[in-house]
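Peer 1: I need the structure of the sequence given here:
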Amino acid sequence: MKILAVCGSYRKQGVISVLMDKAIEGIREASPGASVEKVCLIEKKIEYCRGCMACFPDDPAKRIAACVIKDDMQELCGKLDEADGYIFGTPIFCGTLNALMKTFCERFAYVLGRPGRWPVAGCPEPRNPRRKAAILIMSTAVVPGFLRYFCDDATKFFRETLPCVLNAKIAGSLYAGRGRQGGGAIRPEPFFPAARALGAKLARAVARLERKR
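Peer 2: Got it, this is the predicted structure:
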């Protein structure tokens, strides 16, 4: 079992990163033999997609399409392709995933996905036929958790993107919203049990997929 944890926070030791570490603990408790790698996007060189469409017409039989930009995405796309499961962590900015995570997702969309035919010709479908699983970890210092519905386009984005590009179904998510302390700060400790449980849930989901292969 190989899990890739992708942290989109601008702070390497922020709430998102800490909660992802707890989810990783949950994975290792549920599946001691699991291999988990955590990547902090803020440490990587990731340029904006240029919209040149070089990846779009590339050989559909290839697992990873060509990209004209030479940066750290070549390595990251290889890791995404090899993984059996994912953790995606992002702060909520303007109601959705932040610019760092969005840039990352735009870069792998047609490198790991090929033009498909549903629901419209050209929409991506996975280049890798292996079914996978993913979990989401998000945080916001502005909106309380019970108002998540009004400030969470990130989950919708991932639910639409991950299945058709990475062949990954979302097994669960954690929305660490503002607590009683008000805006500007989040204490991650109250969310530790939920993060560990979410990690264990991902491990079980990946294990079920492995048994079906």
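
Peer 1: part of a strand, is residue 23?
Peer 2: No: counting by DSSP: H, G, I helix; E, B strand; the rest coil, residue 23 is not part of a strand but helix.

Peer 1: quick thing: my sequence starts at 37, can you match it?
Peer 2: Understood, numbering begins at 37; the last thing we discussed is residue 59.

Peer 1: pull the number of nearby residues for it.
Peer 2: As a burial measure, residue 59 scores 31 neighbours (other C-beta atoms under 10 Å). Every C-beta, even on glycine, is put in place using the N, C-alpha and C of the backbone.

Peer 1: ok, and the closest non-adjacent residue to it?
Peer 2: Spatial nearest neighbour of residue 59, chain neighbours left out: residue 235 (3.5 Å); criterion: C-beta to C-beta, 6 or more residues apart in numbering.

Peer 1: wait, the one you found touches residue 171, no?
Peer 2: Yes: between residue 235 and residue 171 there is a contact at 7.2 Å, judged by C-beta atoms under 8 Å.

Peer 1: neighbour count: the two, which is higher?
Peer 2: Per other C-beta under 10 Å, whichever of residue 235 and residue 171 has more neighbours is residue 235, with 32 against 29.

Peer 1: secondary structure element for the residue nearest to the spatial centre of the chain?
Peer 2: The residue lying closest to the centre of the chain (C-alpha atoms, centre = their mean) is residue 124, at 2.8 Å. Assigned by DSSP states H and E, residue 124 belongs to strand 121-129.

Peer 1: paired strands for that strand, with orientation please.
Peer 2: Note on strand 121-129: by DSSP bridges, its sheet partners are strand 38-43 (parallel), strand 132-133 (antiparallel), strand 168-180 (parallel).

Peer 1: so which of these is nearest residue 192?
Peer 2: For residue 192, the closest of the strands paired with strand 121-129 is strand 132-133, at 8.3 Å, according to C-beta to C-beta.

Peer 1: following element in sequence after that closest one, please.
Peer 2: Trace forward from strand 132-133 with DSSP H and E and the next one is helix 135-144.

Peer 1: quick revisit: find residues that contact each of residue 235 and residue 171.
Peer 2: Taking C-beta atoms under 8 Å, 6 or more residues apart in numbering as the contact rule, residue 235 and residue 171 both touch 59, 123.

Peer 1: thanks again, I'm all set now.
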